[in-house]
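1. The sequence and its predicted three-dimensional model are supplied below.
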Amino acid sequence: MPASVATAGYISVILVLFWLDRDREVRPSRALWIPVLWFLIAASRPVSLWFQPQMIIDSASQYSEANPLNDIVLTVLLGGGVLVLVNRSRQVRRLLRANALVILFFLYCGVSILWSDFPLVAFRHWIRSIGDPVMALVVLTEADLPAALTRLITRTAFVLIPLSVLMIKYYPDLGREYNYWTFLPSYCGVTTNKNTLGLLCLVTGLGSLWCFLSVFRDLRGGKRLRRLLAHSAVLLMIFWMFWMADSVTSSCCFLLAGALMATATLFRAARRTPLLPILVVAIVCVPLIALFSDMGGGLVEDLGRNPTLTGRTIIWKVVLSLSGNPLLGTGFESFWLGDRLPAIWQKTMLGLQEAHNGYLEVYLNLGWVGVALLATLMVKGYRNVMAWLRRNPPLGTLILAFFVAPVIYSLTEAGFRMMNLSWITFLLVTIATPQAVSQESVERVEHRNNFAGLEMQLPDEDAVFQPEEPSFMGSN
């Protein structure tokens, strides 16, 4: 089939997916398109690479040089997000008061610029990193939070997943890459490498699976069959790309987080304490044992990877030998700059710019102080997840999966870096405290539940938001 005909066909598929999943009763604000665009860029590739797809990173200086096109696009989106939050200052103040730890983490990242060897580069990266919590706040201050969160994921999936299939099959110059050492092809789709393609499939796959399960359980839904078809088609494409990308980390994370989400969704008993915390601990411990103990060596080999985790253990030793101050690190996003980068390339591989471990990445840039702050954020995020599951189980199961997946993913990938899909979803579920949900969201939820014949008492303005297990399903 000619590429032009295939392009027209896949564009039609995208339009059909949006049509199948549409719901005119659910209308998030137009401002939601700002985080959607941010999400699309973070989930695919920088804007400049769409115009220079064959650009090869062969110089350490290329990582510290600013790209005007990328800076303009991201600055415009960041400015738009800030303007939206200014107009929603009442809701934003509630969220900020409830999330002082998130503010403290980003403030520490900003302060760490002071001891960076490249303060101007680190400052530019820090300004860009502010966009991640800004976009999360735009989503969390939407009048209908469940619908906004669902649409953020489904819009990303409906656009990028079919385009990735198209590029892999019909545009190999864009959708494929070649290993620097073996020259064997691998598949990247709309992203820059097979690992980021796996991350795209992981996040959108969990979102689509949650939508599928929600629609499947909603026996009264008038558009049930159409939505099931839409999310089934997306899941099939995602499963195919998991197989093509051969990203073991993302595939295992999807299986573990997806199984946990499905269990918590389909079985009410599984959501009751202490069973669910035991399941969460067990799911996190499985990859820990497989990766970092002798007992898990056979399991790693069964997954098609060697004992060095495809060279990751070698990378970890090299970067640790070049790490800076153990307490404070080298400064925000500063480790992969200067003389360290060519030294690492000489001992590992050309073009490497991550430690393939999110926790180690935080240590290299922010030291033990940064790791401690991240650990505190994870504890707070876990408490938020449990609160959502008690007060709103349908939405809580998605938040649970979005919390567990980055925790596991970051064991072998740099999942806690700016403009990273894993980090953005982690922020979404960490910031999303039920107590800080806006009054407008409560009123919208009450209206939808009353329309469906359900009952929920609206609390006072300053009361804690505690819905009684409403059935949420936002769609495009």
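-> Alright, I've got the coordinates.

2. Can you show me the helices along the stretch 151-300 of the chain?
-> Using DSSP state H, counting those that start in this stretch, the helices of the stretch 151-300 of the chain run over 172-175, 194-217, 224-245, 248-266, 275-292, 297-302.

3. residues of stretch 329-346 that come out buried?
-> 329-338, 340-341, 344-345 (16 or more other C-beta atoms under 10 Å). From N, CA and C alone the C-beta is placed, and that goes for glycine too.

4. Reformat the helices of the stretch 151-300 of the chain as JSON lines; add mean neighbour count and mean pLDDT.
-> Shown next, in JSON lines, are those (neighbours: other C-beta atoms under 10 Å; pLDDT from 0 to 100):
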{"stretch": "helix 172-175", "mean neighbour count": "16", "mean pLDDT": "86"}
{"stretch": "helix 194-217", "mean neighbour count": "25", "mean pLDDT": "91"}
{"stretch": "helix 224-245", "mean neighbour count": "19", "mean pLDDT": "91"}
{"stretch": "helix 248-266", "mean neighbour count": "21", "mean pLDDT": "89"}
{"stretch": "helix 275-292", "mean neighbour count": "15", "mean pLDDT": "80"}
{"stretch": "helix 297-302", "mean neighbour count": "13", "mean pLDDT": "51"}
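
5. between those, which one is nearest to Ser321?
-> Between Ser321 and the helices of the stretch 151-300 of the chain, the shortest separation by C-beta to C-beta is 19.1 Å, and it involves helix 275-292.

6. quick check: angle from the closest one to helix 248-266?
-> Angle, helix 275-292 to helix 248-266, by axes from the mean of the first three to the mean of the last three C-alpha atoms, to 10 degrees: 170 degrees.

7. Okay, and the residue nearest to Leu328 when sequence neighbours are not counted sits in which element?
-> Excluding its sequence neighbours, the residue lying closest to Leu328 (C-beta to C-beta, 6 or more residues apart in numbering) is Gly367, at 4.3 Å. Assigned by DSSP states H and E, Gly367 belongs to helix 358-391.

8. I'd like to know which elements that helix is packed against.
-> Counting contacts by 3 or more C-beta pairs under 8 Å, 6 or more residues apart in numbering; DSSP states H and E, helix 358-391 packs against helix 100-111, helix 275-292, helix 312-321, helix 393-409, helix 421-431.

9. Let's see the longest one as CSV, backbone CA atoms only.
-> This means helix 275-292. Extracted C-alpha coordinates of helix 275-292, given in CSV (Å, rounded to 0.1, in the frame of the first residue of the first chain):
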residue,chain,number,x,y,z
LEU,A,275,-5.3,-6.9,51.2
LEU,A,276,-4.6,-4.1,48.7
PRO,A,277,-1.5,-2.8,50.5
ILE,A,278,-0.2,-6.3,50.5
LEU,A,279,-0.8,-6.6,46.7
VAL,A,280,1.0,-3.3,46.1
VAL,A,281,4.0,-4.3,48.1
ALA,A,282,4.1,-7.7,46.4
ILE,A,283,3.9,-6.1,42.9
VAL,A,284,6.8,-3.7,43.7
CYS,A,285,8.9,-6.5,45.3
VAL,A,286,8.7,-8.8,42.3
PRO,A,287,10.9,-6.6,40.0
LEU,A,288,13.1,-5.7,42.9
ILE,A,289,13.9,-9.4,43.5
ALA,A,290,14.3,-10.1,39.8
LEU,A,291,16.7,-7.2,39.2
PHE,A,292,18.8,-6.9,42.4
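
10. Show me where the stretch 51-200 of the chain has its strands.
-> Taking DSSP state E, counting those that start in this stretch, the strands of the stretch 51-200 of the chain run over residues 176-178, 185-187.

11. Can you say which of those strands is packed in most?
-> Mean neighbours per residue, mean count of other C-beta atoms under 10 Å, is largest over those for strand 185-187, with a mean of 18.

12. which residues sit against that one?
-> 168, 172, 175-179, 193-194, 197, 241, 244-246 (C-beta atoms under 8 Å, 6 or more residues apart in numbering).

13. Try it again at 10 Å.
-> 164-165, 167-169, 172, 175-179, 193-195, 197-198, 241, 243-247 (C-beta atoms under 10 Å, 6 or more residues apart in numbering).

14. Run through the residues that contact the closest residue to Leu276 other than its chain neighbours.
-> The shortest distance from Leu276 to any non-neighbouring residue, by C-beta to C-beta, 6+ apart, is to Ala270 (6.1 Å). Contact analysis of Ala270 by C-beta under 10 Å, 6+ apart lists Leu260, Ala262, Thr263, Ala264, Leu276, Ile278, Leu279, Thr397.

15. Then Trp423?
-> Trp423 is in contact with Ala42, Ser129, Asp132, Gly358, Pro406, Ser410, Ala414, Gly415, Phe416, Arg417, counting by C-beta under 10 Å, 6+ apart.

16. one more time with 8 Å
-> So Trp423 contacts Asp132, Pro406, Gly415, Phe416, Arg417 (C-beta under 8 Å, 6+ apart).

17. how close does it sit to Pro133?
-> 10 Å (C-beta to C-beta, to the nearest Å).

18. try Asp218
-> Distance from Asp218 to Pro133, counting by C-beta to C-beta: 32 Å.

19. And these two? Which one has more around it.
-> Pro133 (23 against 17; other C-beta atoms under 10 Å).

20. Would you mind confirming that the more buried one makes contact with Phe426?
-> No - using C-beta atoms under 8 Å, Pro133 is not in contact with Phe426, being 10.9 Å away.

21. Quickly list what's touching both of these two.
-> Between them, Pro133 and Phe426 share no contacting residue, judged by C-beta under 8 Å, 6+ apart.

22. so where is the stretch 351-476 of the chain shaky, pLDDT-wise?
-> 432-476 (pLDDT under 70).

23. picking up where we left off before, now render the helices and strands packed on helix 358-391 as a markdown table, adding distance to Val86.
-> Shown next, in a markdown table, are the helices and strands packed on helix 358-391 (distance: least, C-beta to C-beta, whole Å):
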| stretch | distance to Val86 |
| --- | --- |
| helix 100-111 | 17 |
| helix 275-292 | 37 |
| helix 312-321 | 40 |
| helix 393-409 | 27 |
| helix 421-431 | 18 |
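
24. Of all the ones you listed, which one comes closest to Gly80?
-> That would be helix 421-431 among these, by C-beta to C-beta, at 16.5 Å.

25. Now do the closest one against helix 393-409, angle only.
-> 130 degrees.

26. tell me the contacts of Leu160?
-> Leu40, Ala43, Ser44, Gly189, Val190, Leu200, Thr204.

27. change it to 6 Å
-> Ala43, Ser44, Val190 (C-beta atoms under 6 Å, 6 or more residues apart in numbering).

28. dump the residue contacts of the last one.
-> Translated: Val190. Ser44, Leu160, Leu163, Ser164 are the contacts of Val190 under C-beta under 6 Å, 6+ apart.

29. Also the first one?
-> Remark: with contacts taken as C-beta under 6 Å, 6+ apart, Ala43 is in contact with Thr156, Leu160, Leu200, Leu421.
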